[in-house]
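Novice: coords below, sequence missing:
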């Protein structure tokens with residue numbers, strides 16, 4: 001079965017990049033990850049709309065100038081990080097070795113093309129709430145590795161948006 005990606009000009013793309021075997025490497029090597037993104041921007045023009053880095057996966061929404069290049073953007077980020085990450089990479093499977101991969105990232109990544117403002121808003125919310133969802137923090141504002149803080153500074157979110165306490169309070173409300 002061949003997987004097909006769609007390429008809609010002038011659209012946003014929500015991407016999820018996952019570490020090989022879900023190893024917790026991204027926070028530990030956050031400076032290297034930042035350099036990988038900086039390096040990719042030398043070759044490709046894109047804007048990071050929203051991002052959240054978790055220990056074993058990364059959520060981001062990008063707006064590439066050339067929509068056909070978003071797979072190359074991801075490849076560039078993964079390549080730079082993998083090339084400069086030389087800490088005990090677990091022996092990858094034959095399929096990884098056969099393609100010259102180190103086994104730092106899962107081979108594939110998730111993508112979703114965003115076509116309207118409502119979809120974009122929902123995905124930005126999802127990305128920013130992700131550290132709470134995974135139990136790393138109780139409040140979105142407490143996660144350091146997220147664009148949430150940029151959104152707060154721009155008055156797009158209240159600083160206390162998405163706290164676990166707020167969500168639990170909503171669950172306990174009676175709407176009758």
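Specialist: All right, it came through fine. No experiment lies behind these values; they were computed from the predicted model shown.
Novice: low pLDDT regions in the chain?
Specialist: Counting by pLDDT under 70, the chain contains low-confidence residues at 1-3, 87-103, 164-176.
Novice: how about the strands of the chain, start to end?
Specialist: Secondary structure of the chain (DSSP state E): strands at 12-18, 46-53, 57-64, 110-114.
Novice: Could you list the residues in contact with the second one?
Specialist: When contacts are defined by Cβ atoms under 8 Å, 6 or more residues apart in numbering, strand 46-53 is touched by residues 12, 26-27, 30, 33, 37, 58-65, 69-70, 73, 120, 123-124, 127-128, 130-131, 143, 145-148, 151. (Each C-beta comes from the backbone N, C-alpha and C, glycine too.)
Novice: okay, which residue is most central for this structure?
Specialist: The residue lying closest to the centre of the chain (Cα atoms, centre = their mean) is residue 59, at 1.7 Å.
Novice: What's the local residue count around the residue nearest to residue 131 when sequence neighbours are not counted?
Specialist: In this structure, residue 131 finds its nearest non-sequential neighbour in residue 143, 3.8 Å apart by Cβ to Cβ, 6 or more residues apart in numbering. Per other Cβ atoms under 10 Å, the neighbour tally for residue 143 reads 20.
Novice: Contacts only, for residue 143.
Specialist: Contact partners of residue 143, counting by Cβ under 8 Å, 6+ apart, are 52, 131-132, 136-137.
Novice: Let's see which of the residues you listed end up in helices.
Specialist: Counting by DSSP state H, the part of those found in helices is 131-132.
Novice: how about the contacts of residue 143 in a markdown table, adding neighbour count and distance to residue 42?
Specialist: Listed next are these as a markdown table, based on neighbours: other Cβ atoms under 10 Å; distance: Cβ to Cβ, whole Å:
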| residue | neighbour count | distance to residue 42 |
| --- | --- | --- |
| 52 | 22 | 24 |
| 131 | 25 | 29 |
| 132 | 20 | 34 |
| 136 | 14 | 31 |
| 137 | 15 | 33 |
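Novice: Good, wrapping up.
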